[in-house]
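> Model the following, please.
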Amino acid sequence: MMFRSFVAAVLLFVASATTCFAYSDEIEWLRNQSFKACQNYYVWRLIDNYFPDARWDSGWSDEGDYIVNIRGGMSFKGQNVKALLQFTIDPKRGKFDMNALEFNGHPQSKEMRVELIKAMCQDVR
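From the prediction side, this is the model:
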């Protein structure tokens, strides 16, 4: 009887823990898209390769776009940085854009965003 209670408790814990790590539908959608500059790989593949500790979170903006933030440590151009990539998903268009990139809390230019995507695509393993 005690063994059954233990198994039930473990199963309940595992079920509740796995639901905590589920991504929203919008994050899942973004993860399975590709950048125009790198159509051979899904976004998740590039992110996982560059950010071993990537954390994804999301929510709605005041403008009606869905925002997805990805935070994690990475090495870029020989420097270790804490990066934030921010994407918007326009549900009406069914498209996404990387609208922000920060290294150690400092906003980066659009050119740097493009350069990062190219580097991620070239370095995928």
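> so how many other residues sit close to Asn40?
Asn40 has 9 neighbours, counted by other Cβ atoms under 10 Å. C-beta: built from backbone N, CA, C; applies to glycine.
> which residues does it contact?
Going by Cβ atoms under 8 Å, 6 or more residues apart in numbering, Asn40 touches Ser34, Cys121.
> which SS class is it?
Assigned by DSSP: H, G, I helix; E, B strand; the rest coil, the conformation of Asn40 is coil.
> Relative to Asp65, how far out is it?
From Asn40 across to Asp65, the span is 27 Å (Cβ to Cβ, to the nearest Å).
> do the same with Arg113
For Arg113 relative to Asp65 (Cβ to Cβ), the value is 17 Å.
> go on, Ser75?
Counting by Cβ to Cβ - Ser75 and Asp65 are separated by 30 Å.
> For these two, work out which one has more neighbours and name it.
Taking other Cβ under 10 Å, Ser75 and Asp65 do not tie; Asp65 has more neighbours (18 against 11).
> so who does that one touch?
Here Asp65 is in contact with Thr88, Ile89, Asp90, Pro91 (Cβ under 8 Å, 6+ apart).
> If we use 6 Å, what do you get?
Taking Cβ atoms under 6 Å, 6 or more residues apart in numbering, we find Asp65 in contact with Thr88, Asp90.
> and it, what are its phi and psi?
phi -90, psi 150 (degrees, to the nearest 10).
> now do Val43
Dihedral angles (degrees, to the nearest 10) for Val43: phi -60, psi -40.
> where's it relative to Asp62, distance?
Remark: distance between Val43 and Asp62 (Cβ to Cβ) = 24 Å.
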